[in-house]
Each structure stands twice: as C-alpha cells, then as structure tokens.
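Colleague: no sequence for this one, just the structure:
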C-alpha cells in the first residue's frame, strides 16, 4: 500500500492517521520557516537515508504573493527554488501537470538542499502548487510543510507512537505543537 493511499490530498487533517502539527509562534516567517526546517532536518540526519522517501507533485505556480510581501530578493528566491527545480529527479517541476502525479524520490545527501528549498518555499515563499511529503518508512509517519511555517504529521503505519514521539520532540517554546 502506498503512502498516497493513506493521505487525504483534499484535506491532510482528514487523513485517518493525522496526528497533528507544529507551527512557528513568532512573526518573522522567514526565520520561522528556517527554524521549522531545522527541526525536520535535524531529525532527518538521525535516520537511515534508505528509509526516507520524498513524494512530490510540486509545480511552479503563478501566485508569488509572499515574494513581494516579505521582501525577498531574486537571489533569495533562486537559492530556495533552483536546487529543487534542477535536482534529479526534480522536486519542483516547471511543467504543467496533474497535482496528483507524484514523483517518489529517494532521500540522498545530494538532494538535501533541494528538499530544504522546496519545504521552505511551501512554508514562506509561495508560488507553488501541489503536494510534498517526507515519508519516514521505518517510523511509519510522514511530514508535510504547510504555510503556517511548520509541518504536519500523518501516521501511515499501524501505530502512531513514532509520530507522536516526533511531535513531542519539537520545542514548544518556539512552536505551537498540536496533537490530535
């Protein structure tokens, strides 16, 4: 059974294994997106890369409202988006396509910057359409970046303990942590 069979793409929080989320408490969304990414990437580094898959249907969109709102420079935008567009296979596709047409990408150190940029863009940059999930196969849960500068957590295995353990590890002084 695929990860996608366990996730409600219309409403992630309606997925049967939805466990909750964490979101940055502060007002600086740029800092918040970096802080949220740090939580996830510190966790990623402690895991066996062979047990992590990335599911992406991200497409470059035309709504780049946050770019001007938060005063991003063209160089900042390129630093986040280009690694995700030009990695092999791309995490962000420049071609039009169906938003439920996913690439399943193995996590390797060569695509760490691409994943970081894609997650950051989903949280604090805008201009993307589609879905992005980081699937921790052995742990039985996936994470997804959301525009509240944080990540949601969905259990995709038989038990939710690992998903709840991950949420419990998030610093509640910096992030609002909600368990469902």
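Modeller: Happy to help now that I have it. Since this is a predicted model, take the numbers as computed values, not measurements.
Colleague: My reading is that residue 133 lies in a helix. Confirm?
Modeller: No - using DSSP: H, G, I helix; E, B strand; the rest coil, the secondary structure at residue 133 is strand, not a helix.
Colleague: I figured it hits residue 141, correct?
Modeller: No - contact criterion C-beta atoms under 8 Å: residue 133 and residue 141 do not qualify, at 10.1 Å. No exception for glycine: its C-beta is placed from N, CA and C like everyone else's.
Colleague: So for these two, which sits in the more crowded spot?
Modeller: Looking at residue 133 and residue 141 with other C-beta atoms under 10 Å, you find the greater number of neighbours at residue 141, namely 27 against 23.
Colleague: so residue 139 is in which element?
Modeller: Under the criterion DSSP states H and E, no helix or strand holds residue 139.
Colleague: What segments of this structure are strands?
Modeller: Along the chain, counting by DSSP state E, strands occupy 18-24, 52-56, 58-60, 92-93, 103-106, 128-129, 132-136, 141-146, 150-155, 175-179.
Colleague: now residue 158: how far from residue 47?
Modeller: Distance of residue 158 to residue 47, computed by C-beta to C-beta, to the nearest Å: 19 Å.
Colleague: Local confidence estimate at the most centrally placed residue in the chain?
Modeller: Closest to where the C-alpha atoms of the chain average out (C-alpha atoms, centre = their mean) is residue 145, at 3.2 Å. pLDDT for residue 145: 97.
Colleague: What of residue 136?
Modeller: 96.
Colleague: quick one: pLDDT of the nearest residue to it once chain neighbours are set aside?
Modeller: Spatial nearest neighbour of residue 136, excluding adjacent residues (C-beta to C-beta, 6 or more residues apart in numbering): residue 52 at 6.0 Å. The model reports residue 52 with a pLDDT of 95.
Colleague: how deep is residue 52 tucked in, by neighbour count?
Modeller: 21.
Colleague: Return the distance of it relative to residue 135.
Modeller: 7 Å.
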